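Peer 1: with the input below, show me the fold.
(2 chains)
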Amino acid sequence: MNIDANYLAVVFNSTIRMTTPILFVALGSALCNRVFIFNIGLEGMMLTGSFAAIVANYYTHSVLISILAAMIASMLIAWVAGIFMVKFKGAMLVVGVSINTLMGGLTTFLMQLIFDVKGAYVSTDLVGLPKINVDFFGESSILRTMFGSLTWLDLFAFVMAVVLYFHLFRTVTGFRMRSVGINKPAAESLGIKADRIQIATVVFSGLLSGLGGCLLSMGGVTMFAQNMTAGRGFIAMAAGTLGAANPLGVVVSSSFFGFAQSMANMLQNSSISSQLTMAIPYFATVVALAMFNYAKIRGSKQKEKQ
Amino acid sequence: MNTRTIKRLLSPLAQPVFAIACALLVGAVAMMFTGENPLEIYAIMLKGAFGGKYYFLTTLTRATPIIITGLGAAIAWSSNYMGIGGEGQMILGGFTCALIALYMPGPAWAKLLCSIIGALVAGGLYSFISAWLLDKFEMSLAISTLMFNYVAQYVTMHYVANVFLDTTGDGKMTQTFMVDESVRFPQLVEGYSVHLGFIIAIALVVAVWFLMNRTSFGYESRMTGFNIHFCDYGGVSSKKIMYGILTLSGVICAMAGVCEVLGTQYRYVHGTYVNTSYAWIGLNAALISNYNPFGVLITSIVLAGISTGGAAIARATSVPLEISSVIQGCITLFISAKIVIQYRRGRKAKTPPSAAALQGGEE
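Peer 2: The predicted structure is shown next:
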């Protein structure tokens, strides 16, 4: 393995492609954290998005309808989760775990029913997301490698992060959302419809997970496999927490996970154990969160002294 | 028994029965899409889970790790420590147990004893780390345990794949060598898969019930679940309780791994605990039974029955195996809602809610 500019460009490219599905879901998780919802069901919602995209793709061969289907299906599941969490006061972890079990089963169930296959469905009839044309980079092969085979949805993930940042910190609805997360009864006493905001946020996080799932099943190889999210929803939750529920912070933390995953993939053929590199992101999350919390605790203690 | 006692005994059952009925209804709707008659399918399912000695004993084998991880989850969750690290603890327990049983020299009884103790210590320590992170860094237990599941999964995979790999097979499975016959758990019924682990599981049910309901430790830990500030005020060290509870929960979950290694597969196979999602089903069992140990026992057998029954309908009809996950997910989803309890509270608002309703009512 020789490390040169071209190799780094390949790593950069695969990092982006690994990052964006996680980024969408992590943004959803960050929003949920902001309104005091611990949404562990994002994994199941992401899986729903992946599946719905492929089903719509199978019937219509239209990319746009596939994306829409992914968004709508995930939003529907998220709405159910939101109702159970907020209206029926179900414990959030319980609802989330149920959603994951339910959707893990239901997607595989429907896959066998619709496609009549077990394990995975892949077909040449399926249409992938259109790739961004990198011809305007001209002859420069490095830039072409860096930004090649990306889709518009990949770019949209980063745009979304910026939009959500402005939404959270520069608009009235964003302010209301944050106030619900900080103190729900206080927010309600000011006339903010806290329940409605919480459910809406969960539904929106469903939309984002649907996009993430769609990117997963239609971004690279267009296919659906049983349980294909494989814990990405959970990683995204960690990324959301690690990014301090700030959309721009989430971009950084998601990129970190994307980088670790792409390194794990790249190292599979080298002497370093790929299994150990796979463990790094999870371990790093715990360490990073510990450091983050430690600084916060010390900060608040010093304030008390003053 | 007067009607009041009957009511008191039956009221905790109202929610699970309601939830199971709703889940079966959802399952029936899903089955109708396959063009089969749901009633017939449910009959096949019932027969495939509990009809006949072979099926029933297979269900019990499958229930064993579910009961044990369910108990581990129940202990922690009933004290309001919502960890989801059962999977990682089970993996680490199974892995440690297999290695000690394989590579420790000495007589069989010593191997057996050390492998079990080693596994329990590993699981306990693993859970202890999460407790420590919660105590010192206020880190969300759900996040840390969830992350540790993956760390355990990949690190053990690394060691199995690169150091302890069984090279005699076809090499498709990442697994260790098989442990010696002398350290394996005996089968309870000759020729059937159900093993000593099931007896251990039942013993654990009784032990956990005793611990939670008849000892001061259990009382204090349930109190921390109700109100942690009240507990500290009353002179109970909630921190000590937290460390104790979480470590114990890890130890119990590790036992599930031991049972799988010494009772079912006789080796550590990478990925089997994740693919079967035993620990998650165990957690579901704990949630459905409202953390009651005997409830966990019954619910685990029912959930294991849904799985084996699901396999039976997948063999006999066109309904896919995953119908069992769908039903299971729906049961816990409906369990989580407090529709029944709210209704009951609304009807007789003046009577204080029972302890069971209170437990169901905590966040």
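
Peer 1: and stretch A:278-294, which residues are buried?
Peer 2: A:278-286, A:288-290, A:292-293 (16 or more other CB atoms under 10 Å in any protein chain shown). In this view, the C-beta of every residue, glycine as well, is placed from N, C-alpha and C.

Peer 1: cool, and stretch B:19-32?
Peer 2: B:19-20, B:22-24, B:26-28, B:30-31.

Peer 1: could these be laid out in TSV, adding secondary structure, distance to A:R178 and pLDDT?
Peer 2: Listed next are the buried residues of stretch B:19-32 as TSV, based on DSSP: H, G, I helix; E, B strand; the rest coil; distance: CB to CB, whole Å; pLDDT from 0 to 100:
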residue	secondary structure	distance to A:R178	pLDDT
B:A19	helix	35	84
B:I20	helix	40	85
B:C22	helix	36	88
B:A23	helix	37	89
B:L24	helix	42	89
B:V26	helix	36	89
B:G27	helix	41	88
B:A28	helix	43	89
B:A30	helix	40	86
B:M31	helix	45	85
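
Peer 1: and the furthest pair within the residues you listed?
Peer 2: Greatest spatial distance among these (CB to CB): B:A19 and B:M31, at 18.5 Å.

Peer 1: what does the lowest-mean-pLDDT helix or strand in chain A contact?
Peer 2: For chain A, using mean pLDDT, DSSP states H and E, the weakest element among its helices and strands is helix A:141-147, scoring a mean of 77. Outside helix A:141-147, the residues that touch it by CB atoms under 8 Å, 6 or more residues apart in numbering or on different chains are A:5-6, A:9-10, A:12-13, A:132, A:134, A:137.

Peer 1: make a ChimeraX selection of the buried ones in the residues you listed.
Peer 2: To isolate the buried subset of the contacts of helix A:141-147 in ChimeraX, counting by 16+ other CB under 10 Å, use the following:
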select /A:9,10,12,13,132,134
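
Peer 1: ok, of the contacts of helix A:141-147, which one's closest to A:G119?
Peer 2: A:N13 (28.5 Å).

Peer 1: return the list of helices and strands in contact with the host helix or strand of that closest one.
Peer 2: Secondary structure assignment for A:N13, by DSSP states H and E: helix A:5-34. The contact analysis (3 or more CB pairs under 8 Å, 6 or more residues apart in numbering or on different chains; DSSP states H and E) places helix A:5-34 against helix A:42-60, helix A:141-147, helix A:152-170, helix A:172-182, helix A:194-218, helix A:232-242, helix A:247-266.

Peer 1: near chain A, which residues of the stretch 251-363 of chain B? Just list them.
Peer 2: Listed as neighbours of chain A in the stretch 251-363 of chain B under the rule CB under 8 Å from any CB of the partner chain: B:277, B:280, B:283-284, B:287, B:320, B:322-326, B:328-333, B:335-339, B:362-363.

Peer 1: mind running it again at 7 Å?
Peer 2: The stretch 251-363 of chain B comes close to chain A at residues B:280, B:283-284, B:287, B:320, B:322-323, B:325-326, B:328-330, B:332-333, B:336-339, B:363, as judged by CB under 7 Å from any CB of the partner chain.

Peer 1: quick one: buried ones out of these?
Peer 2: B:280, B:283-284, B:287, B:320, B:322-323, B:325-326, B:328-330, B:332-333, B:336-339.

Peer 1: so which of those residues sit within helices?
Peer 2: Mapping these onto helices (DSSP state H) picks out B:280, B:283-284, B:287, B:323, B:325-326, B:328-330, B:332-333, B:336, B:339.

Peer 1: nearest to A:Q112 among the residues you listed?
Peer 2: B:I323 (10.1 Å).

Peer 1: which residues touch the closest one?
Peer 2: The contact partners of B:I323, by CB atoms under 7 Å, 6 or more residues apart in numbering or on different chains, come to A:109, B:27, B:30-31, B:310, B:313.

Peer 1: with A:T171 instead?
Peer 2: Applying CB under 7 Å, 6+ apart, no residues contact A:T171.

Peer 1: and it, how far from A:R178?
Peer 2: 11 Å (CB to CB, to the nearest Å).

Peer 1: quick one: least confident of the ones in helices among the buried ones among the residues of the stretch 251-363 of chain B next to chain A?
Peer 2: Of all those, B:I339 carries the smallest pLDDT score, 54.

Peer 1: the closest residue to B:K239 other than its chain neighbours sits in which helix or strand?
Peer 2: In space, and not counting its chain neighbours, B:K239 is closest to B:D135: 6.0 Å by CB to CB, 6 or more residues apart in numbering or on different chains. When elements are assigned from DSSP H and E, B:D135 belongs to helix B:108-137.

Peer 1: please name every helix or strand in contact with that helix.
Peer 2: helix A:274-305, helix B:86-103, helix B:141-162, helix B:238-259 (3 or more CB pairs under 7 Å, 6 or more residues apart in numbering or on different chains; DSSP states H and E).

Peer 1: deepest of these, which one?
Peer 2: For the helices and strands packed on helix B:108-137, the largest average neighbour count (mean count of other CB atoms under 10 Å in any protein chain shown) is found in helix B:86-103, namely a mean of 28.

Peer 1: from the chain's centroid, how far away is it?
Peer 2: Between the centre of helix B:86-103 and the centre of its chain there are 16 Å (CA atoms, centre = their mean, to the nearest Å).

Peer 1: re earlier: adding mean pLDDT and distance to A:G82, write the helices and strands packed on helix B:108-137 out as a markdown table.
Peer 2: Below are the helices and strands packed on helix B:108-137 laid out as a markdown table (pLDDT from 0 to 100; distance: least, CB to CB, whole Å):
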| stretch | mean pLDDT | distance to A:G82 |
| --- | --- | --- |
| helix A:274-305 | 81 | 26 |
| helix B:86-103 | 93 | 26 |
| helix B:141-162 | 89 | 19 |
| helix B:238-259 | 92 | 30 |
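
Peer 1: need those helices in TSV with distance to B:T58, can you?
Peer 2: Shown next, in TSV, are the helices and strands packed on helix B:108-137 (distance: least, CB to CB, whole Å):
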stretch	distance to B:T58
helix A:274-305	32
helix B:86-103	20
helix B:141-162	26
helix B:238-259	15
